[in-house]
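Visitor: got a sequence here, can you build the structure:
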Amino acid sequence: MKNLKTFEKFKYQKSKGLLPGGNADGKDLIYIGKKFGKTYAEMTKQLEIGKLVEIEHTQKSPNNPMGNPDINIEISLDHLIENPNYYSELVEAGIADELNAINKYIELIGPIQNQETVNKYKEKFGDDFNQ
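Guide: This next block holds a predicted model:
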């Protein structure tokens, strides 16, 4: 597992208001974690997964495969302020479509517990999915 210092840059990452009206506008991971009684480490793991899930909403190109990271973070924070386990639940339910996000979940959280979900991902991603 990655050292938590890797996530330090997100500690006070606030929503930048790039998408006005989001529930997390002006909030950071510290605030969201305290709201739900979650640790900083738990919240940073969710944000790391979320950034990869939310790439689908930002413009990607061969020169910029991550889309707009600021918007990815902002969308993630908007989801996390409503449900601090949003991205874990998304992956475990088999709803995540981004292999990178699924692999990040396995790296940071652990193996997917729902066998039906594992089978679904194996069918969808083939040999690229390894648990």
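Visitor: mind naming the longest helix for the protein?
Guide: helix 40-53 (DSSP state H).
Visitor: by contact count, what packs against it?
Guide: Counting contacts by 3 or more CB pairs under 8 Å, 6 or more residues apart in numbering; DSSP states H and E, helix 40-53 packs against helix 29-36, helix 69-80, helix 86-92, helix 99-108. Any C-beta I mention is one placed from the backbone N, CA and C, and that applies to glycine too.
Visitor: out of those, flag the one nearest Met43.
Guide: helix 29-36 (4.4 Å; CB to CB).
Visitor: may I see the buried residues of the closest one?
Guide: Within helix 29-36, the residues scored as buried using 16 or more other CB atoms under 10 Å are 29, 32-33.
Visitor: just how off-centre is stretch 110-127 within its chain?
Guide: 18 Å (CA atoms, centre = their mean, to the nearest Å).
Visitor: list the buried ones in that stretch?
Guide: By 16+ other CB under 10 Å, the buried positions in stretch 110-127 come out as 112, 117-118, 120-121.
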